[in-house]
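Asker: Structure, please.
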Amino acid sequence: MGRVLIEHKHTYRVATESGEILAHLSGKFRYEIEAREQYPAVGDWVALSIQETEAKGVIQFVLPRTSQFTRKSPGSRHEMQVVAANVDTIFLVLALNQDFNLKRLERYLVITWESGATPVVILNKSDLCSDIEQKKSEVESVALGVPIHFVSAADHTGLSELSTYLKPGATVALLGSSGVGKSTLTNALLERDHQQTQAIREQDGKGKHTTTHRELIPLPQGSCLIDTPGMRELQLWDGSSGIQETFEDIERLASNCQFTDCRHVQEPGCAIQTAIAENTLQPERLASYLKLQRELAYLARRENKQLQSRERETWKKRTKTYRNQMKHRKR
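Answerer: Numbering: from 1, shown residues only. The predicted structure is shown next:
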């Protein structure tokens with residue numbers, strides 16, 4: 001058994017008891033795969049046969065996942081992409097400069113809750129922020145009940161607070177856009193330079209994209225860290241329970257609406273519109289909630305068509321296999 005460290009195009013770097021090896025999928029496993037999410041992902045535990053003399057292996061199957069962080073594949077293809085698997089905690093990293101974005105954080109929270117992992121908000125570059133209490137209040141308004149930590153990965157301040165999530169055996173993933181300091185944070189937690197880092201651009205205060213692939217990195221504490229590239233596209237794939245967790249305040253208000261099919265726009269007796277009128281709920285938060293709901297509804301319609309197409313392909317495969325078997329029997 002081994003754990004996937006890096007996912008290449010056709011091969012995987014896997015950590016095993018006898019060391020790191022390069023592995024590929026067995027022909028049987030590859031043939032039986034029906035969807036992209038069934039391929040191994042970074043963080044997956046896999047069963048494999050090892051050729052120790054050549055430091056190579058063949059992956060036979062993926063063990064059941066305890067959690068999986070997913071998104072819709074970038075581009076026009078309607079597929080689910082597993083970004084990381086078997087993650088306990090996801091550090092949602094925002095930078096306290098011009099990259100501070102609450103709507104992006106809401107999207108991160110939905111995806112994290114849906115994955116089965118626990119979100120923790122990391123506000124990096126605290127040395128560049130002059131209004132920390134204001135930023136904390138803003139984050140608390142969208143990250144309900146989620147731990148929030150202020151750190152400066154560059155000068156190693158606030159990192160000791162993160163040790164509680166990095167117990168031996170635990171797996172933590174970093175999620176954030178390009179330039180928020182994920183690579184610098186990785187190096188600080190690793191206590192050595194592992195990831196390349198670049199200085200922020202002077203014209204807009206944003207960092208440059210440095211991490212180019214997902215990688216599981218063992219830490220000195222006995223835990224593991226998964227660093228991910230900054231994602232230009234982070235579209236939802238599934239998120240019904242994630243939305244319930246992230247927008248628990250709106251869901252609670254919605255249960256008090258006069259009509260069960262209330263769209264929370266102009267219907268009489270809408271508890272959400274009442275809260276907005278009383279200034280206990282910001283209209284921007286409702287707009288984010290409704291936008292994510294529409295995105296999920298669209299995905300559900302697309303997924304239904306995708307499932308029908310997948311079932312047809314499965315039956316084509318089975319029919320072809322059956323016909324080949326009958327031909328061999330006749331011979």
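Asker: I'd like to know how far Gly269 sits from Ala254.
Answerer: 12 Å (C-beta to C-beta, to the nearest Å). C-beta coordinates here come from the backbone N, C-alpha and C atoms, glycine included.
Asker: of those two, who's got more company?
Answerer: It is Ala254, of Gly269 and Ala254, that has more neighbours when counted by other C-beta atoms under 10 Å, with 16 against 11.
Asker: now the helices for the stretch 101-250 of the chain?
Answerer: For the stretch 101-250 of the chain, the helices defined by DSSP state H, counting those that start in this stretch cover 102-115, 132-140, 182-190, 240-246, 248-254.
Asker: helices or strands next to the fourth one in the packing?
Answerer: Under the contact definition 3 or more C-beta pairs under 8 Å, 6 or more residues apart in numbering; DSSP states H and E, helix 240-246 sits against helix 102-115, helix 283-330.
Asker: which parts of it are buried?
Answerer: Burial within helix 240-246, assessed by neighbour count using 16 or more other C-beta atoms under 10 Å, is assigned to 242-243, 245-246.
Asker: what residues does it touch?
Answerer: Contacts to helix 240-246, defined as C-beta atoms under 8 Å, 6 or more residues apart in numbering, come from residues 106, 109-115, 142, 144, 251, 289, 292-293, 296.
Asker: Can you give me the buried ones in stretch 118-138?
Answerer: In stretch 118-138, counting by 16+ other C-beta under 10 Å, buried: 118-126, 129, 135.
Asker: For that stretch, measure first residue to last.
Answerer: 20 Å (C-alpha to C-alpha, to the nearest Å).
Asker: contacts for that stretch?
Answerer: Residues outside stretch 118-138 that contact it (C-beta under 8 Å, 6+ apart) are 88-97, 100, 102, 105, 108-109, 112-113, 139, 143, 146-155, 157-158, 162, 165, 180-181, 184-185, 205.
Asker: lowest-confidence stretch among the helices of the stretch 101-250 of the chain?
Answerer: Ranked by mean pLDDT, those end with helix 240-246 at the bottom, a mean of 83.
Asker: just how off-centre is that helix within its chain?
Answerer: 14 Å (C-alpha atoms, centre = their mean, to the nearest Å).
Asker: With that, I have no additional questions.
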